[in-house]
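# Give me a 3D structure for the following:
(2 chains)
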Amino acid sequence: MGDRSGWRRSICILAVLALLASGAPAAEPNVRSIAVGLSTEHFSRSVVWPGDEAASKILSHIVSARVDIGLAGGIVFRLDAGLSLGDFSGLTFDGLPISLELDGDPIGGFALGAEVAAPLKKVGAFEIGAAGRFVYSFGMSKSWPLEGFAVEGEAAGQPSAMELSAGPRVAFRSSGRIVPYAEVRASLFWARFRILETLGDLGGEETKSVRGDLAVSIALGADVRVTDRISVKAKAGIMPAAGGAGAIISIGAMYGF
Amino acid sequence: MSRAIMGRPWRILAAFAVLLLASPGVNGGVAVRTVKRIGPPVQRPARSLRFEGPSVRRRGPRYSADRVLVRFRPEITAAYAEGLLLSYGFPSVRRIPAIGVYSVRTAPGVSVVETLAMLRRNGDIEAARPDYRARIADVPNDTYFQRYQYSLQNRGGTLDLGGGLTFAMTAGADIKAVAAWDSAKGAADVVIAVLDTGVDMMHPDLAAKIVSSGYDFANDDDDAVDDHWHGTLVAGIAAASTGNGAGIAGVAWNCRILPVKVVDENGDGYYSWIIDGIIWATDQGADVINLSLGGEVPDPFLEDACQYAQDHGVVIAAASGNDAGGVLYPAAYDDTVLAAAASDYNDAIASFSNFGPEVDVAAPGVWILGPVPLSYVGAGQLPYVFGTGTSAAAPQVAGLAAIIRSAKPGLTAEEIMMIIRYTADDINRATLPGRDDHAGYGRINMQRALVPYILD
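Sure thing, here's the model as predicted:
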């Protein structure tokens, strides 16, 4: 049941994203602007893993190269790819012969993302639009020696996570170089951590998954045009949740062509 | 009540002398009797009595979400250190002068992981650590736990049995039960079959733990009452009522006992009774079988019975024997039975403990307090005695197996046996590093077997 409703929600979000793309005025393919740059993003989210009673936090840091493509009608399409660090501290694997709990350094990996933002209506200096984003990060496999046992052992784990978010954005477009905005997003989150354990002749494998965890975030951001070609984009937000608020902080520097 | 025990040293000594022979000797299994038919199942099968899930305590975050502990290098002054910490924007910084450590509240919106990473980059800081959580351990409130049950938690000091009988103990020479109980105490639907002289099912420390009246293969009836004392003691060590404010604590806090009598009132039994008992207990749904007994002669039928139990997912723990000789049967069946040697309050292997390549693990087996039938000690006496022998070690192994089975019902019997072996403490590594014939893999360590290993 939970999975089905999760998929229904996913389909709704995807529909919103599709609407954003198809409903954009004149949907002209013309590329109006291209900007490239670097951005860094911090993300934390409280989730309750299956089998756990308490929520634990997933932290993620992403440093990525980014391309913003401005299309006709004010639509901005963004692609980014970079390195990620995922912290799954507190995640416990009780299904293995020897239970394991993660409590260490973040696990490195890669992240891919895409975002689309489209203006829908202008009311005075305010521009009402919508934005949707997709991020997929996959960690590299990490291994840990299992010490203190009568035989040699090792655990090896690999995480992955995906987020799909969409929602309205209200920007204040005055004549200045700074465009502040506020946005609310509904966010669906999937995470998976697979771990293998070997201890002497014992072996086990366990995968923990969070499927379609829904949360709503509120964020404030600003696009700052430093020069005609250089701009800075920053955003900070919170994601209230029963197990503790999550946070989103991102900052990027772009060079336009 | 503890004074009453101490005030009867001769009684205790007498009990000890009796117990020192530990295993009720099975006469080598050579006196073959007609195989007894398994009686009608008049009792409720063990499996029919399920009302609790595994009692595994899920753990919350291991450390504070908004506080870290920091120590600066010795040459850094307190004024400089505090100024530096405040410059990071931490909302509160508190010094613990006695050890030169600062308790720091993290900046809003910045996680502990980020804060630690930031602080560890500073060369003036010697160490920055999370502020780990602690909690009250689940220490049982049973009357004799703190004072006498060193095998479960040994704080060092002196084990004073009264009558001038005192022993200096080594802290930590125990099976780490208290630390393990914080993670798992076992489930009520997991049953330890005690194949022995029967069990005193009315004993106040056992009555609530008895699944059924069991079966008596010595007298061929369905009442496995203890007309000796050995089985009651063994059952209590494995799974006496724990946390009930009386008597002793058992290893398997919540697990229950299926009494199976395979040894008569004189302490004698036959392989046929044991074979019947193993198969009957297995068919009744026992999860673990304890055999604090053994014979010197190998027997393929006895081995087949052990194999039958293992094929049905049952873990068997058995005493290795108490005459400093070779490992007895069925403990010596390496593939299907965990052979338990006896260690003491200093983590030394007891001199009487049998040895050989079949020994899997050790558990404390010297001066182990356990319940006995009131009829054994007599009216007006406390129904507890101190027992010594591998008979007292095996039920601790059985108790651990039962808790593992409770926490991880999907594991096979072989996997549970491996966990118990691999998580043991190599107590005699100074002289015999690694697995050896005296302690096997070492003294069992419940904490290592049950508490999650931290990947850091």
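# In three-state terms, how would the most centrally placed residue in chain B be classified?
The centre of chain B sits closest to B:Gln396, judged by C-alpha atoms, centre = their mean, with a distance of 3.7 Å. For B:Gln396, the assignment made with DSSP: H, G, I helix; E, B strand; the rest coil gives helix.
# Was I right to think it contacts B:Ile237?
Yes: with contact defined as C-beta atoms under 8 Å, B:Gln396 counts as touching B:Ile237 (6.3 Å). Backbone N, C-alpha and C define where each C-beta goes, glycine included.
# any common contacting residues for the two?
B:Val251 (C-beta atoms under 8 Å, 6 or more residues apart in numbering or on different chains).
# buried set for the helix or strand harbouring B:Ala309?
Using DSSP states H and E, B:Ala309 maps to helix B:300-311. For helix B:300-311, a neighbour-count test (16 or more other C-beta atoms under 10 Å in any protein chain shown) marks B:Leu302, B:Glu303, B:Ala305, B:Cys306, B:Gln307, B:Tyr308, B:Ala309, B:Gln310 as buried.
# Name the nearest residue to the second one, sequence neighbours excluded.
Spelled out, that is B:Glu303. Among residues not flanking B:Glu303 along the chain, B:Tyr333 sits closest, at 5.3 Å (C-beta to C-beta, 6 or more residues apart in numbering or on different chains).
# So what does the one you found have for phi and psi?
Backbone torsions of B:Tyr333, given as degrees, to the nearest 10, read phi -80, psi 100.
# Do a quick rundown of the helices in chain B.
B:2-6, B:9-19, B:78-87, B:112-120, B:145-148, B:177-181, B:230-239, B:271-283, B:300-311, B:374-377, B:390-407, B:413-422, B:446-450 (DSSP state H).
# Contacts only, for A:Ser33.
Per C-beta under 8 Å, 6+ apart, neighbours of A:Ser33: A:Asp68, A:Ile69, A:Gly70, A:Gly256, A:Phe257.
# from those residues, which has minimum pLDDT?
Least confident by pLDDT among the contacts of A:Ser33: that is A:Phe257, with 87.
# how about the nearest residue to that residue, chain neighbours excluded?
A:Ile34 (4.9 Å).
# Mind checking the pLDDT average for the host helix or strand of that neighbour?
Assigned by DSSP H and E, A:Ile34 falls within strand A:31-47. Mean pLDDT, strand A:31-47: 92.
# what does the stretch 51-200 of chain A have sitting close to chain B?
Within the stretch 51-200 of chain A, the positions near chain B by C-beta under 8 Å from any C-beta of the partner chain are A:51-54, A:56-57, A:59, A:87, A:89-90, A:92-95, A:97-106, A:144, A:146, A:148-151, A:153, A:155, A:157, A:199-200.
# Filter those residues down to the buried ones, PyMOL style.
A single PyMOL command selects the buried members of those (16+ other C-beta under 10 Å):
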select buried, chain A and resi 52+56+57+59+87+89+90+92+93+94+95+97+98+99+100+101+102+103+106+144+146+149+150+151+153+155+157+199+200
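# what comes up buried for stretch B:207-223?
B:Lys209, B:Ile210, B:Val211, B:Ser212, B:Ser213, B:Gly214, B:Tyr215, B:Asp216, B:Phe217, B:Ala218, B:Asn219, B:Asp223.
# Quote the end-to-end distance of it.
Length of stretch B:207-223, first residue to last, C-alpha to C-alpha, to the nearest Å: 14 Å.
# tell me the average confidence for that stretch?
97.
# next one: stretch B:240-249
pLDDT averaged over stretch B:240-249 gives 96.
# Equivalent analysis for stretch B:282-289, please.
98.
# mind exporting it as PDB, just the C-alpha atoms?
These are the backbone C-alpha positions of stretch B:282-289, laid out as PDB (Å, rounded to 0.1, in the frame of the first residue of the first chain):
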ATOM      1  CA  THR B 282      13.000 -30.800  18.800                       C
ATOM      2  CA  ASP B 283       9.500 -31.900  17.700                       C
ATOM      3  CA  GLN B 284       8.000 -29.800  20.500                       C
ATOM      4  CA  GLY B 285       9.500 -26.800  18.900                       C
ATOM      5  CA  ALA B 286      12.400 -26.100  21.200                       C
ATOM      6  CA  ASP B 287      14.900 -23.600  19.800                       C
ATOM      7  CA  VAL B 288      17.900 -24.500  22.000                       C
ATOM      8  CA  ILE B 289      18.700 -27.700  23.800                       C
END
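# ok now that stretch, how far from the chain's centre?
19 Å (C-alpha atoms, centre = their mean, to the nearest Å).
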